[in-house]
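J.: need a 3D model of the following:
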Amino acid sequence: MTEEGPAAETQERKRVWKTPPNVALCLEADIADPGSRGFVLQIGEAFFHGFVVKKDGQVAGWVDRCPHAGFPIAVELDRYLTPDGSLILCGWHGAAFEPLSGACVAGPCAGGKLTPWPVEARGGVIRTA
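T.: I've put the predicted structure just below:
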């Protein structure tokens with residue numbers, strides 16, 4: 001066993017809450033309307049977790065962290081929206097958010113808001129802004 005051993009394996013990954021601008025994430029066509037997709041970006045030795053929602057031809061980015069308990073929003077990969085695509089739904093405690101404003105409209109953090117992640121669709125590509 002190396003010196004890194006089990007302690008290194010259980011060590012929590014460092015997180016960051018912002019990303020540099022102009023990082024290409026995906027093609028705009030890669031996300032349905034309405035639809036969503038999660039992203040994990042490595043920035044130095046830390047990681048950023050966010051997701052993009054597309055609704056009514058607009059895109060919005062959010063830090064993947066529920067304001068209620070700090071958990072990631074999705075329980076399943078890329079599953080951020082309700083089945084009808086009308087709201088973002090926290091899979092852990094049922095908080096519901098408006099997809100484009102991030103405002104919490106129901107659940108344990110009603111009145112709260114998701115943390116924005118600046119993104120934009122430009123030239124058919126979704127990028128960090």
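
J.: so for the helix or strand Phe39 falls within, what gets flagged as buried?
T.: Take DSSP states H and E as the rule and Phe39 turns out to sit in strand 35-43. Using 16 or more other CB atoms under 10 Å as the test for burial, strand 35-43 gives 35-39. Any C-beta I mention is one placed from the backbone N, CA and C, and that applies to glycine too.

J.: which residues touch that strand?
T.: 16, 19-20, 23, 25-26, 30-31, 47-54, 64, 74, 77-81, 85, 88, 99 (CB atoms under 8 Å, 6 or more residues apart in numbering).

J.: burial check on His93, number of neighbours?
T.: 13 (other CB atoms under 10 Å).

J.: what of Lys113?
T.: Each residue near Lys113 was counted by other CB under 10 Å, and the total is 14.

J.: ok, Pro72 next?
T.: Pro72: 16 surrounding residues under other CB under 10 Å.

J.: which residues touch it?
T.: Applying CB under 8 Å, 6+ apart, the residues near Pro72 are 49, 64-66.

J.: any chance of these in TSV, plus secondary structure?
T.: Shown next, in TSV, are the contacts of Pro72 (DSSP: H, G, I helix; E, B strand; the rest coil):
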residue	secondary structure
His49	strand
Asp64	coil
Arg65	coil
Cys66	coil
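
J.: which SS class is the closest residue to Gly111 other than its chain neighbours?
T.: Once flanking residues are discounted, Gly111 sits nearest to Cys104: 6.4 Å by CB to CB, 6 or more residues apart in numbering. On the three-state scheme (three-state DSSP), Cys104 is labelled strand.

J.: okay, the closest residue to Ala103 other than its chain neighbours: pLDDT?
T.: Nearest residue to Ala103 in three dimensions, chain neighbours excluded: Lys113, at 5.4 Å (CB to CB, 6+ apart). For Lys113, the model assigns a pLDDT of 97.
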